[in-house]
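Visitor: The sequence and its predicted three-dimensional model are supplied below.
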Amino acid sequence: MNRLGSLPETWRVEGLGRGSAKGEGFVLREYKLGPNRTEPTGRMIRWHPGGGHHGEGGLESGRLQRAIRRNPMNQRMSSDVVRAQIEKSLEILASSAAEQQEYLERKGLAPITDELALTLDDFVMMLPAGVRDGSFSEDQAAAIRQVSDLTASFSGKENAALWRVDQLGSAWQWNEVRRLARVALQMLRDREPTK
């Protein structure tokens, strides 16, 4: 990651947390200033070695630095935005295999399915702050983590074959992800935040 150059102290380079390229690529993520810098702000750029990145910029350090400075979210992402993004991610994960494949093709990401899990993974780490401020109940957060944990359980190069669109309808793992995502999504829709 030394190709990225020096970064502000609040930014950290991490490997991808889910999918066929778990531990590869990178997520450049901003954390709140503080003694242990463990709470993400929501600002991030993700690059997947199988194709594409999220956010602006590329691997060249100058472009990446400009992308960080241009990001309009100067404050921590609100829990309302996090909730909306998690709900959107769960909707995609709860969709039929055909709908998931169409989504990935429309975004130009097929045949790799990593995006389905990475989008949720981007926001799961922000759940503790959402629980603290009442945007999520403990039960809702646990149901969301269960979906994320399942995708982590079959991530990595050793399971790369499961992370292809032709597996979305046939692999039991993806059927279980869809079932758990529907449960978590229903929990979110049944109970509004308490804040």
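Guide: Here it is on my side, so go on.

Visitor: Show me the strands in the chain, by range?
Guide: Ranges of strands in the chain, per DSSP state E, are 11-14, 26-31, 40-47, 53-54.

Visitor: Can I get these in CSV including mean pLDDT and mean neighbour count?
Guide: Where C-beta positions appear, they are placed from N, C-alpha and C, glycine not excepted. Below are those laid out as CSV (pLDDT from 0 to 100; neighbours: other CB atoms under 10 Å):
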stretch, mean pLDDT, mean neighbour count
strand 11-14, 81, 16
strand 26-31, 78, 20
strand 40-47, 76, 21
strand 53-54, 42, 16
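
Visitor: what's the average pLDDT for the longest helix along the chain?
Guide: Identified as the longest helix of the chain according to DSSP state H is helix 172-190. Taken as a whole, helix 172-190 has a mean pLDDT of 97.

Visitor: packing partners for it?
Guide: helix 79-94, helix 138-153 (3 or more CB pairs under 8 Å, 6 or more residues apart in numbering; DSSP states H and E).

Visitor: Can I get that helix in CSV? Just the C-alpha atoms.
Guide: Only the C-alpha atoms of helix 172-190 are listed here, as CSV (Å, rounded to 0.1, in the frame of the first residue of the first chain):
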residue,chain,number,x,y,z
TRP,A,172,-26.9,-23.0,-0.3
GLN,A,173,-24.8,-20.2,1.1
TRP,A,174,-26.4,-17.6,-1.2
ASN,A,175,-29.9,-19.1,-0.4
GLU,A,176,-29.2,-18.6,3.3
VAL,A,177,-27.9,-15.1,2.8
ARG,A,178,-31.1,-14.2,1.0
ARG,A,179,-33.2,-15.8,3.9
LEU,A,180,-31.2,-14.0,6.6
ALA,A,181,-31.3,-10.7,4.7
ARG,A,182,-35.1,-10.9,4.4
VAL,A,183,-35.4,-11.5,8.2
ALA,A,184,-33.1,-8.5,8.9
LEU,A,185,-34.9,-6.3,6.4
GLN,A,186,-38.2,-7.1,7.9
MET,A,187,-36.9,-6.3,11.4
LEU,A,188,-35.7,-2.9,10.2
ARG,A,189,-39.1,-2.2,8.6
ASP,A,190,-41.2,-3.4,11.5
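
Visitor: Going by neighbour count, which residues in that helix are buried?
Guide: Judged by neighbour count using 16 or more other CB atoms under 10 Å, the buried positions of helix 172-190 are 173-174, 176-178, 180-185, 187-188.

Visitor: now the strands of the chain as a markdown table including distance to Ser20?
Guide: Formatted as a markdown table, the strands of the chain follow (distance: least, CB to CB, whole Å):
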| stretch | distance to Ser20 |
| --- | --- |
| strand 11-14 | 17 |
| strand 26-31 | 15 |
| strand 40-47 | 14 |
| strand 53-54 | 16 |
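
Visitor: Looking at those, spot the one closest to Ser135.
Guide: Nearest of these to Ser135, taken as CB to CB: strand 40-47 at 12.9 Å.
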